[in-house]
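>>> Requesting a structural model of the entry that follows:
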Amino acid sequence: MTAQDFLKTLKTAKRSIPSAIYSSFEYEQTPIKTLINSATLSSPTLYDSTHNTISSFLSSLSSHQFNSFISDPKVKTFDCLRIFNIVLHNQSKLSFKPDIHAHFTVLCRLIKSKMFSDAEILLEKLILGPNYRYPFADFISWVENYCKESKIITKLLNMLLKMYSDHEMFDMAISSFEYMVQNEIERDERTCSVHLYALIKNDKVDLAFEFFRRMVDTAMDVSVFSLTIVVRGFCQIGELKIARELVEEMIKKGVSPNVITFNTLVDACLRRWEFVELDLVLCLMEKEGIEFNDATYKLLIEGYSSCDKIDAAKRLLLEMQGRGFEVDTHVYYIVIRGCCRLGFTSIGLSLLRKMQENDIDPCDGIYQCLIHGMCKDGEMGMLKELVVELLNKGSEVNKIVLDALVDGCEKAGMMEEFEDLKCILRMNCYPYLDFCPNSFDTELLSITTKRKIV
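Okay, the predicted model is just below:
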């Protein structure tokens, strides 16, 4: 049966549809739309009783008729896909099963029409679906025997590589890649980066590195994105030197790392306190003319603060602000907390004043760190002022800070001065004291009793 005969048969089926249903298709000029619109929007499966005529038509449809129709260039690709999906979802009503040739016919049409998302879905059904699962050898055999357009072949093979990677079928992905290399089929670098990412995600760093090497060896234009993926993989397993050396090697090959690549290295070095390696990374970064971005500064500031390199952290904070980057409260808090932990409360206090000069609102944590640090070190001169500032912000002095105040005043021999603080604090009862007028004194008595203060 020719395509024209096929359309005539569909036209006859359309005439048999009840008038209530037919009216909904009245505007359609092409008989093929009858079959297309007979499927519901949510599913191409035919289940309504009003579709009995169409179901009957499908049961009499032969594979030759079907293949002739989907191959007809006069049929729009979108209509071709709808018919194909109807057939796939109603195979119990058919006398045949669409074969690999039918699938590839529609696949090639979809790719040619740049309907790539639909093509990927159909390819997955063909290779991984429960009803088909054609092996790679059959796929390649069809491509070699029937597909003659190089652009379609390229797109098909790259889609296949991506699909295998998405489903963690890494051996098959490599087979696809090697086939493209052997047959001089262009490999899409973005698709290869998807494969690299999938390998790293599954902790297969060694395989990712091998694949990356293969990409380079086959003269692909490797992007900084792919390089960064592999660098991140090495950093995750602590191979920082290998990661840096790979960056240096790729620089010589013309692949320039960007700030994201270097931030990945910087973060890994700081997390593992590998400061010798960090210095080498920063030197390489400077050599390549890659300037710090806000993420670089934040990584270094937090890293240096956590490992007691406060001078370096403070210098970078001020440099970051001087370059016009937004320095938020959290960045200041990290450095001030580090200062107070090491007993450099005066430096922390100067940073607080720097914040206020730049109209940055300090968080409660900054005041609590400074108050606790001053109490711990017996530096009571600015204590009252800080407590008042904290209270004026509408914040509360919690049990930890209150305990630190009593402890600090005791060590500094300033319990008389603490009476002034008691008056200020008594006027600011907070939720943790249950708003009871005498609860502050009760709480304070509990703390001082434990410390044997009378």
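
>>> only C-alpha atoms for contact and neighbour calcs from this point on.
Noted.

>>> Counting by contacts, list what the strand or helix carrying residue 391 packs against.
Secondary structure from DSSP states H and E places residue 391 in helix 383-392. When contacts are defined as 3 or more C-alpha pairs under 8 Å, 6 or more residues apart in numbering; DSSP states H and E, helix 383-392 packs onto helix 364-377.

>>> buried sites along the helix it packs on?
By neighbour count on 16 or more other C-alpha atoms under 10 Å, the buried set for helix 364-377 is 364-376.

>>> Where does pLDDT dip in the chain?
1-54, 378-381, 412, 414-421, 423-454 (pLDDT under 70).

>>> Apply 80 and report the result again.
1-61, 129-134, 375-384, 393-454 (pLDDT under 80).

>>> Measure how buried residue 422 is and give me the count.
Counted with other C-alpha atoms under 10 Å, the neighbours of residue 422 add up to 16.

>>> how near is it to residue 411?
Per C-alpha to C-alpha, to the nearest Å, residue 422 is found 17 Å from residue 411.

>>> Then residue 309?
For residue 309, the distance to residue 411 - C-alpha to C-alpha - is 28 Å.

>>> Could you do residue 231 as well?
52 Å.

>>> Of those two, which one has the most company?
residue 231 (26 against 15).

>>> List the residues that contact the more buried one.
Residue 231 is in contact with 243-244, 246-247, 261, 264-265, counting by C-alpha atoms under 8 Å, 6 or more residues apart in numbering.

>>> Make CSV from those residues and add neighbour count, distance to residue 219 and secondary structure to it.
Shown next, in CSV, are the contacts of residue 231 (neighbours: other C-alpha atoms under 10 Å; distance: C-alpha to C-alpha, whole Å; DSSP: H, G, I helix; E, B strand; the rest coil):
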residue, neighbour count, distance to residue 219, secondary structure
243, 22, 21, helix
244, 22, 22, helix
246, 16, 17, helix
247, 25, 17, helix
261, 22, 22, helix
264, 20, 26, helix
265, 26, 26, helix
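
>>> Now for the residues you listed: which two are most distant?
Greatest spacing in the contacts of residue 231, by C-alpha to C-alpha: 246 and 264 (13.3 Å).

>>> What are the boundaries of the strands in the stretch 101-250 of the chain?
Using DSSP state E, counting those that start in this stretch, the stretch 101-250 of the chain contains no strands.

>>> returning to that earlier point: quick one, the helix holding residue 391 and helix 364-377 angle?
On the basis of axes from the mean of the first three to the mean of the last three C-alpha atoms, to 10 degrees, helix 383-392 is oriented at 160 degrees to helix 364-377.

>>> right, and the helix or strand after helix 383-392?
helix 399-412.

>>> can you pull the buried residues of that following helix?
Under 16+ other C-alpha under 10 Å, the buried positions of helix 399-412 are 401-410.

>>> ok so, going back, which single one of the buried residues of helix 364-377 is nearest to residue 293?
Once C-alpha to C-alpha is applied, the member of the buried residues of helix 364-377 that ends up nearest residue 293 is residue 366, at 24.9 Å.

>>> ok, that closest one touching residue 331?
No - with contacts counted by C-alpha atoms under 8 Å, residue 366 stays clear of residue 331, the gap being 10.7 Å.

>>> just the CA coordinates of the longest helix along the chain, formatted as CSV?
The helix that spans the most residues within the chain, counting by DSSP state H, is helix 150-166. C-alpha atoms of helix 150-166 as CSV (Å, rounded to 0.1, in the frame of the first residue of the first chain):
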residue,chain,number,x,y,z
SER,A,150,27.4,12.8,8.0
LYS,A,151,25.7,15.4,10.1
ILE,A,152,23.0,13.0,11.2
ILE,A,153,25.6,10.3,11.9
THR,A,154,27.6,12.7,14.0
LYS,A,155,24.6,13.7,16.0
LEU,A,156,23.4,10.1,16.5
LEU,A,157,26.7,8.9,17.8
ASN,A,158,27.2,11.8,20.2
MET,A,159,23.6,11.3,21.5
LEU,A,160,24.5,7.7,22.0
LEU,A,161,27.6,8.6,24.0
LYS,A,162,25.6,11.0,26.2
MET,A,163,22.9,8.4,26.8
TYR,A,164,25.3,5.7,27.9
SER,A,165,27.0,8.2,30.2
ASP,A,166,23.7,9.4,31.7
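
>>> rewinding a little: and the helix holding residue 391 with helix 399-412, angle?
Using the same axes, to 10 degrees, helix 383-392 lies at 170 degrees relative to helix 399-412.

>>> Return the distance of helix 383-392 from the chain's centre.
43 Å (C-alpha atoms, centre = their mean, to the nearest Å).

>>> Helices along the stretch 51-200 of the chain, start to end?
52-59, 63-71, 77-89, 100-112, 116-128, 136-146, 150-166, 170-182, 189-201 (DSSP state H, counting those that start in this stretch).

>>> Dump those to CSV, plus distance to residue 254.
Formatted as CSV, the helices of the stretch 51-200 of the chain follow (distance: least, C-alpha to C-alpha, whole Å):
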stretch, distance to residue 254
helix 52-59, 59
helix 63-71, 46
helix 77-89, 43
helix 100-112, 33
helix 116-128, 32
helix 136-146, 34
helix 150-166, 25
helix 170-182, 22
helix 189-201, 16
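
>>> Out of the ones you listed, which is closest to residue 384?
helix 189-201 (53.0 Å).

>>> Check which helices and strands the closest one sits against.
helix 150-166, helix 205-217, helix 224-236.

>>> buried ones in that helix?
189, 191-200.

>>> Tell me which residues are up against it.
158-159, 161-162, 165-166, 168, 170, 173, 205, 207-208, 211-212, 220-223, 225-226, 229-230, 233.

>>> next one: stretch 337-350
With C-alpha under 8 Å, 6+ apart, stretch 337-350 has contacts from 305-306, 308, 310, 335-336, 366, 369-370, 373-374, 377.
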